[in-house]
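A.B. asks: Pasted the sequence and its predicted model underneath.
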Amino acid sequence: MNAINSLKGEAYEYLSTQIKNNNIQPNTRINETLIATHLNMSRTPVRQAIYQLEKEGEIEHRLYQGFYVREKKIDIHTYINLLDVLTLLIKDAVSTTRYKDEDFQALDEKIEEAVYATDHTTYLRNQMNFFLKLLEIKGNQFAYTAGNSLCTKLENLSNMEVKEAIMEAKQKTIIYMEKITSHLRLKERSLALQTLEDMHNYYILQSLKRIK
(Lines give C-alpha, C1' and ligand atoms only; values in the text may rest on other atoms or scores of the structure.)
Protein backbone atom coordinates (compact mmCIF):
# COMPACT_ATOMS: atom_id res chain seq x y z
CA MET A 1 0.00 0.00 0.00
CA ASN A 2 2.81 2.41 0.89
CA ALA A 3 4.49 1.63 -2.42
CA ILE A 4 1.28 2.44 -4.31
CA ASN A 5 0.82 5.67 -2.38
CA SER A 6 4.40 6.61 -3.14
CA LEU A 7 3.90 5.97 -6.85
CA LYS A 8 0.62 7.88 -6.75
CA GLY A 9 2.48 10.82 -5.24
CA GLU A 10 5.10 10.64 -7.98
CA ALA A 11 2.42 10.51 -10.68
CA TYR A 12 0.53 13.34 -9.01
CA GLU A 13 3.60 15.58 -8.86
CA TYR A 14 4.43 14.84 -12.48
CA LEU A 15 0.92 15.56 -13.77
CA SER A 16 0.42 18.58 -11.54
CA THR A 17 3.70 20.12 -12.70
CA GLN A 18 3.00 19.40 -16.36
CA ILE A 19 -0.40 21.07 -16.11
CA LYS A 20 0.90 24.03 -14.10
CA ASN A 21 3.69 24.68 -16.62
CA ASN A 22 1.26 24.30 -19.55
CA ASN A 23 3.20 21.35 -20.92
CA ILE A 24 -0.20 19.67 -21.03
CA GLN A 25 -2.58 22.25 -22.48
CA PRO A 26 -6.22 22.80 -21.41
CA ASN A 27 -8.68 20.50 -23.21
CA THR A 28 -5.94 17.91 -23.78
CA ARG A 29 -6.92 14.31 -23.09
CA ILE A 30 -4.92 12.57 -20.35
CA ASN A 31 -3.44 9.32 -21.65
CA GLU A 32 -2.96 7.01 -18.66
CA THR A 33 -0.97 4.44 -20.61
CA LEU A 34 1.57 6.92 -21.99
CA ILE A 35 2.07 8.53 -18.59
CA ALA A 36 2.46 5.18 -16.86
CA THR A 37 5.02 4.12 -19.46
CA HIS A 38 6.89 7.41 -19.14
CA LEU A 39 7.04 7.07 -15.34
CA ASN A 40 7.76 3.33 -15.50
CA MET A 41 4.81 2.34 -13.32
CA SER A 42 1.43 0.67 -13.67
CA ARG A 43 -1.71 2.58 -14.61
CA THR A 44 -3.21 2.24 -11.10
CA PRO A 45 -1.20 5.00 -9.36
CA VAL A 46 -1.56 7.19 -12.45
CA ARG A 47 -5.34 6.76 -12.32
CA GLN A 48 -5.32 7.59 -8.59
CA ALA A 49 -3.36 10.76 -9.31
CA ILE A 50 -5.86 11.69 -12.01
CA TYR A 51 -8.75 11.20 -9.57
CA GLN A 52 -7.00 13.46 -7.07
CA LEU A 53 -6.46 16.19 -9.65
CA GLU A 54 -10.10 15.85 -10.68
CA LYS A 55 -11.13 16.54 -7.08
CA GLU A 56 -8.90 19.61 -7.09
CA GLY A 57 -10.51 20.91 -10.27
CA GLU A 58 -7.44 20.60 -12.49
CA ILE A 59 -8.85 17.72 -14.54
CA GLU A 60 -12.40 16.95 -15.62
CA HIS A 61 -14.07 13.72 -16.76
CA ARG A 62 -16.03 13.88 -20.00
CA LEU A 63 -18.59 11.15 -20.50
CA TYR A 64 -17.47 8.49 -22.98
CA GLN A 65 -14.32 10.53 -23.73
CA GLY A 66 -12.02 10.24 -20.74
CA PHE A 67 -10.15 12.74 -18.58
CA TYR A 68 -9.12 16.16 -19.88
CA VAL A 69 -7.17 19.09 -18.50
CA ARG A 70 -9.74 21.65 -17.40
CA GLU A 71 -9.56 25.19 -18.72
CA LYS A 72 -8.19 27.57 -16.11
CA LYS A 73 -10.66 29.74 -14.23
CA ILE A 74 -10.39 33.47 -14.86
CA ASP A 75 -9.06 35.32 -11.81
CA ILE A 76 -9.23 39.05 -11.10
CA HIS A 77 -5.94 39.80 -12.90
CA THR A 78 -7.03 37.98 -16.06
CA TYR A 79 -10.48 39.56 -15.79
CA ILE A 80 -8.92 43.03 -15.89
CA ASN A 81 -6.89 42.13 -18.99
CA LEU A 82 -9.94 40.75 -20.79
CA LEU A 83 -11.93 43.86 -19.88
CA ASP A 84 -9.27 46.07 -21.46
CA VAL A 85 -9.53 44.21 -24.78
CA LEU A 86 -13.34 44.03 -24.71
CA THR A 87 -13.59 47.75 -23.95
CA LEU A 88 -11.37 48.60 -26.94
CA LEU A 89 -13.62 46.56 -29.24
CA ILE A 90 -16.76 48.23 -27.90
CA LYS A 91 -15.22 51.72 -28.15
CA ASP A 92 -14.46 51.10 -31.80
CA ALA A 93 -18.05 49.97 -32.38
CA VAL A 94 -19.53 52.98 -30.59
CA SER A 95 -17.21 55.36 -32.46
CA THR A 96 -18.15 54.22 -35.95
CA THR A 97 -21.66 52.74 -35.91
CA ARG A 98 -24.80 54.48 -37.14
CA TYR A 99 -27.66 53.40 -34.92
CA LYS A 100 -31.31 52.94 -35.86
CA ASP A 101 -34.43 52.96 -33.70
CA GLU A 102 -34.60 49.16 -33.70
CA ASP A 103 -31.02 49.05 -32.40
CA PHE A 104 -31.97 51.07 -29.34
CA GLN A 105 -34.97 48.84 -28.75
CA ALA A 106 -32.67 45.81 -28.80
CA LEU A 107 -30.23 47.47 -26.37
CA ASP A 108 -33.10 48.43 -24.04
CA GLU A 109 -34.22 44.79 -24.01
CA LYS A 110 -30.73 43.62 -23.03
CA ILE A 111 -30.64 46.14 -20.20
CA GLU A 112 -34.06 45.03 -18.96
CA GLU A 113 -32.91 41.41 -18.92
CA ALA A 114 -29.90 42.42 -16.84
CA VAL A 115 -32.07 44.35 -14.38
CA TYR A 116 -34.16 41.28 -13.55
CA ALA A 117 -31.24 38.85 -13.28
CA THR A 118 -30.90 37.59 -9.70
CA ASP A 119 -27.86 35.30 -9.81
CA HIS A 120 -24.22 35.62 -10.89
CA THR A 121 -24.47 33.45 -13.98
CA THR A 122 -27.64 34.96 -15.42
CA TYR A 123 -26.58 38.54 -14.78
CA LEU A 124 -23.11 37.99 -16.25
CA ARG A 125 -24.68 36.46 -19.37
CA ASN A 126 -27.14 39.35 -19.73
CA GLN A 127 -24.43 41.96 -19.21
CA MET A 128 -22.26 40.30 -21.86
CA ASN A 129 -25.26 40.20 -24.22
CA PHE A 130 -25.54 44.00 -24.00
CA PHE A 131 -21.90 44.40 -25.00
CA LEU A 132 -22.26 41.82 -27.76
CA LYS A 133 -25.30 43.62 -29.12
CA LEU A 134 -23.19 46.79 -29.51
CA LEU A 135 -20.67 44.75 -31.49
CA GLU A 136 -23.34 42.96 -33.51
CA ILE A 137 -24.95 46.23 -34.56
CA LYS A 138 -21.59 47.42 -35.90
CA GLY A 139 -21.69 44.57 -38.41
CA ASN A 140 -17.96 43.77 -38.25
CA GLN A 141 -17.75 39.98 -38.13
CA PHE A 142 -14.18 39.94 -36.85
CA ALA A 143 -14.94 42.33 -33.97
CA TYR A 144 -18.09 40.39 -33.08
CA THR A 145 -16.32 37.02 -33.14
CA ALA A 146 -13.48 38.35 -30.99
CA GLY A 147 -15.91 39.95 -28.56
CA ASN A 148 -18.04 36.83 -28.42
CA SER A 149 -14.96 34.75 -27.59
CA LEU A 150 -14.03 37.13 -24.76
CA CYS A 151 -17.58 37.22 -23.40
CA THR A 152 -17.85 33.43 -23.53
CA LYS A 153 -14.64 33.09 -21.52
CA LEU A 154 -15.86 35.62 -18.96
CA GLU A 155 -19.22 33.88 -18.69
CA ASN A 156 -18.00 30.29 -18.50
CA LEU A 157 -14.60 30.54 -16.80
CA SER A 158 -14.84 33.37 -14.27
CA ASN A 159 -14.06 32.20 -10.76
CA MET A 160 -16.40 33.01 -7.88
CA GLU A 161 -14.40 36.08 -6.86
CA VAL A 162 -14.83 37.59 -10.33
CA LYS A 163 -18.55 36.73 -10.38
CA GLU A 164 -19.05 38.33 -6.97
CA ALA A 165 -17.23 41.48 -8.10
CA ILE A 166 -19.44 41.70 -11.19
CA MET A 167 -22.61 41.14 -9.15
CA GLU A 168 -21.63 43.79 -6.60
CA ALA A 169 -21.26 46.28 -9.44
CA LYS A 170 -24.64 45.38 -10.96
CA GLN A 171 -26.62 48.50 -10.01
CA LYS A 172 -23.87 50.89 -11.08
CA THR A 173 -23.22 48.96 -14.28
CA ILE A 174 -26.87 49.09 -15.33
CA ILE A 175 -26.84 52.86 -14.86
CA TYR A 176 -23.81 53.06 -17.15
CA MET A 177 -25.49 50.83 -19.73
CA GLU A 178 -28.60 53.04 -19.67
CA LYS A 179 -26.46 56.18 -20.06
CA ILE A 180 -24.53 54.74 -22.99
CA THR A 181 -27.77 53.86 -24.77
CA SER A 182 -29.30 57.25 -24.00
CA HIS A 183 -26.28 59.16 -25.32
CA LEU A 184 -26.25 57.11 -28.51
CA ARG A 185 -29.98 57.68 -29.00
CA LEU A 186 -29.36 61.44 -28.70
CA LYS A 187 -26.37 61.15 -31.08
CA GLU A 188 -24.03 62.19 -28.26
CA ARG A 189 -21.28 59.83 -29.36
CA SER A 190 -18.48 61.49 -27.39
CA LEU A 191 -20.51 61.30 -24.17
CA ALA A 192 -21.31 57.63 -24.86
CA LEU A 193 -17.58 56.95 -25.24
CA GLN A 194 -16.80 58.82 -22.03
CA THR A 195 -19.46 56.84 -20.18
CA LEU A 196 -17.97 53.63 -21.54
CA GLU A 197 -14.54 54.73 -20.29
CA ASP A 198 -16.02 55.63 -16.89
CA MET A 199 -17.62 52.19 -16.67
CA HIS A 200 -14.34 50.51 -17.56
CA ASN A 201 -12.47 52.51 -14.92
CA TYR A 202 -15.12 51.65 -12.35
CA TYR A 203 -14.71 47.94 -13.10
CA ILE A 204 -10.94 48.21 -12.74
CA LEU A 205 -11.21 50.09 -9.45
CA GLN A 206 -13.67 47.56 -8.01
CA SER A 207 -11.46 44.69 -9.18
CA LEU A 208 -8.27 46.17 -7.77
CA LYS A 209 -9.90 46.40 -4.35
CA ARG A 210 -10.07 42.59 -4.35
CA ILE A 211 -6.40 42.09 -5.12
CA LYS A 212 -4.52 41.45 -1.90
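C.D. replies: Everything's here; your move.

A.B. asks: how about the nearest residue to residue 179 once chain neighbours are set aside, secondary structure?
C.D. replies: Residue nearest to residue 179 in three dimensions, not counting chain neighbours: residue 195, with 4.7 Å by C-beta to C-beta, 6 or more residues apart in numbering. From N, CA and C alone the C-beta is placed, and that goes for glycine too. Secondary structure for residue 195, judged by DSSP: H, G, I helix; E, B strand; the rest coil, is helix.

A.B. asks: Hmm, residue 177 and residue 195 touching each other?
C.D. replies: No - Residue 195 is beyond contact range of residue 177, at 9.0 Å (criterion: C-beta atoms under 8 Å).

A.B. asks: For residue 52, give me its contacts.
C.D. replies: Residue 52 sits next to 8, 12 when contact means C-beta atoms under 8 Å, 6 or more residues apart in numbering.

A.B. asks: Check which helices and strands the lowest-mean-pLDDT helix or strand in the chain is in contact with.
C.D. replies: Ranked by mean pLDDT, DSSP states H and E, the weakest helix or strand in the chain is helix 160-168, scoring a mean of 80. Contacts defined by 3 or more C-beta pairs under 8 Å, 6 or more residues apart in numbering; DSSP states H and E place helix 160-168 against helix 76-96, helix 120-138, helix 189-208.

A.B. asks: Switch the ones you listed over to a markdown table; also include mean neighbour count and distance to residue 107.
C.D. replies: Converted to a markdown table, the helices and strands packed on helix 160-168 look like this (neighbours: other C-beta atoms under 10 Å; distance: least, C-beta to C-beta, whole Å):
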| stretch | mean neighbour count | distance to residue 107 |
| --- | --- | --- |
| helix 76-96 | 17 | 11 |
| helix 120-138 | 21 | 6 |
| helix 189-208 | 16 | 11 |
